[in-house]
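**Q** have a look at this prediction, sequence included:
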Amino acid sequence: MTFDILASDPACKARAGVLHTDHGDIPTPIFMPVGTVGSVKAVSQTRLRDEVKAQIILGNTYHLYLRPGCDILQRAGGLHRFMHWDRPILTDSGGFQVFSLSQNRKLKEEGVVFQSHIDGSRHIFTPENVVDTQRVIGSDIMMQLDECPPGDSEYAYAKQSMELTMRWLERGVRRYRETEGLYGHHQSYFPIVQGCTYPDLRRRSAEFAVAQDCEGYAIGGLAVGEPTEKMYEMIEVVNEVLPQDRPRYLMGVGTPQNLLEAIERGVDMFDCVMPTRDGRNARLYTKRGRLNMRNRRWADDFSLLEEDGAAEVDRYYSKAYLRHLFAADELLALEIASIHNLAFYLWLVGEARRHILAGDYADWKITMLKQLSEDI
């Protein structure tokens with residue numbers, strides 16, 4: 001995998017590039033729809049490709065390991081073939097589940113013991129077998145096993161957690177370099193920078209990650225309860241250390257405003273469940289602000305969802321119709337809203353890229369933030 005930077009904005013650290021993988025080139029900055037179990041909720045792969053125009057999607061090692069399982073995935077020829085997706089895939093290692101499923105896990109030096117949320121069975125994830133599982137999945141970008149501490153963690157715990165993640169990284173890199181992919185395409189391995197909201201820990205973690213000399217790097221452990229300004233501060237701290245010529249991936253973030261602020265600080269890649277989760281809950285993101293499609297005000301509004309929207313659904317359906325579908329609990333409402341929001345997110349990072357190439361990203365961002373903050 002290679003990464004070319006085509007332009008940087010003269011007024012900030014935003015950059016536009018291209019990430020080259022065996023399953024296709026990815027223009028950056030980029031947003032990755034979340035397909036946790038091999039499916040982006042309520043959106044088919046055809047519409048994801050043709051209407052949302054997703055360039056890369058995310059899957060989750062924890063969930064895919066439990067269901068359908070490594071045997072099925074390997075017999076299918078990997079996740080790309082299993083889900084009929086011919087573009088790049090990134091897989092999270094399951095580290096976030098260490099955080100989010102804290103009642104069902106136990107951390108040890110060897111790895112993390114999980115109790116399945118499906119049937120209660122017990123499993124262990126180690127830095128090594130997480131690499132093995134991601135080899136079976138066949139993702140283009142694999143993540144290390146890490147621990148994601150809560151955003152309000154005390155310094156002592158944040159340091160202990162970060163050091164465990166660093167030791168796991170050494171073991172994971174070793175396993176990655178002594179194994180090969182199963183399906184004939186290259187797989188990259190990204191370390192994850194942790195350290196909570198403590199600048200010295202973040203710098204130390206980033207320096208250790210850079211020393212592993214990998215093809216890209218991720219910033220983890222943010223948007224997990226810390227103040228937003230602290231998140232932006234930690235991005236700045238980490239990006240001062242991460243190499244300029246490698247992609248930077250901010251994990252699990254976030255709102256449209258978060259994306260624009262992080263792009264300004266030099267981040268290239270994002271994922272988040274927000275556009276699909278909010279879509280399923282009748283919340284739409286548009287160029288002029290947010291809409292709650294359950295509001296009575298839309299019941300007789302026959303204007304299109306968004307006249308100049310990024311998705312075809314915006315030019316097919318009215319606000320009144322989508323509001324009706326949500327009121328009637330029709331499944332089509334979930335599909336329309338999810339496609340709209342994902343297409344909006346992809347449009348937003350595409351516009352950010354266009355303005356970086358034009359050299360006026362910082363000015364455009366100020367105007368865009370004002371529009372995005374409105375509740376219509």
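**A** Structure's in. What do you need? Numbers count the residues shown, from 1 in each chain.

**Q** after the helix ranked longest in the chain, which helix or strand is next?
**A** Secondary structure assigned by DSSP state H gives helix 331-358 as the longest helix of the chain. Going down the chain from helix 331-358, the next helix or strand is helix 361-372, by DSSP states H and E.

**Q** tell me the buried residues in that following helix?
**A** 361-362, 364-365, 368, 372 (16 or more other CB atoms under 10 Å). All C-beta spots, glycine's among them, are computed from the backbone N, C-alpha and C.

**Q** quick check: of these, which lies closest to Leu260?
**A** Lys365 (5.1 Å; CB to CB).

**Q** how much space separates that closest one from Asp271?
**A** 21 Å (CB to CB, to the nearest Å).

**Q** likewise for Arg246?
**A** If you measure Arg246 against Asp271 using CB to CB, the figure is 18 Å.

**Q** again with Glu207
**A** Glu207 sits at a distance of 25 Å from Asp271 (criterion: CB to CB).

**Q** which of those two has more residues huddled nearby?
**A** Legend: neighbour count by other CB atoms under 10 Å for Glu207 and Asp271, higher for Asp271 (22 against 12).

**Q** residue contacts, Ile30?
**A** The contact partners of Ile30, by CB atoms under 8 Å, 6 or more residues apart in numbering, come to 19, 55-56, 268-270, 349.

**Q** from those residues, which ones fall inside strands?
**A** Mapping the contacts of Ile30 onto strands (DSSP state E) picks out 19, 269-270.

**Q** can you lay out these as CSV showing pLDDT and distance to Met234?
**A** Formatted as CSV, the ones in strands among the contacts of Ile30 follow (pLDDT from 0 to 100; distance: CB to CB, whole Å):
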residue, pLDDT, distance to Met234
Leu19, 98, 23
Met269, 98, 17
Phe270, 98, 15
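
**Q** dump those to a markdown table, plus distance to Gly151.
**A** Listed next are the ones in strands among the contacts of Ile30 as a markdown table, based on distance: CB to CB, whole Å:
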| residue | distance to Gly151 |
| --- | --- |
| Leu19 | 28 |
| Met269 | 21 |
| Phe270 | 18 |
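
**Q** flag every buried residue along stretch 325-334.
**A** So stretch 325-334, judged by 16+ other CB under 10 Å, has buried residues 325-326, 333-334.

**Q** just the closest of those residues to Arg175, please.
**A** Among these, Leu334 lies closest to Arg175 (CB to CB), at 39.2 Å.

**Q** the residue lying closest to Ala337 once chain neighbours are set aside: neighbour count?
**A** Closest residue to Ala337 in three dimensions, ignoring its sequence neighbours and counting by CB to CB, 6 or more residues apart in numbering: Gly279, at 3.6 Å. Neighbour count for Gly279, taken as other CB under 10 Å: 26.

**Q** counting contacts, what elements does the strand or helix carrying Gly279 pack onto?
**A** Using DSSP H and E, Gly279 sits within helix 274-280. Applying 3 or more CB pairs under 8 Å, 6 or more residues apart in numbering; DSSP states H and E, we find helix 274-280 packed against strand 283-286, helix 331-358.

**Q** that's all I had, so thanks and see you.
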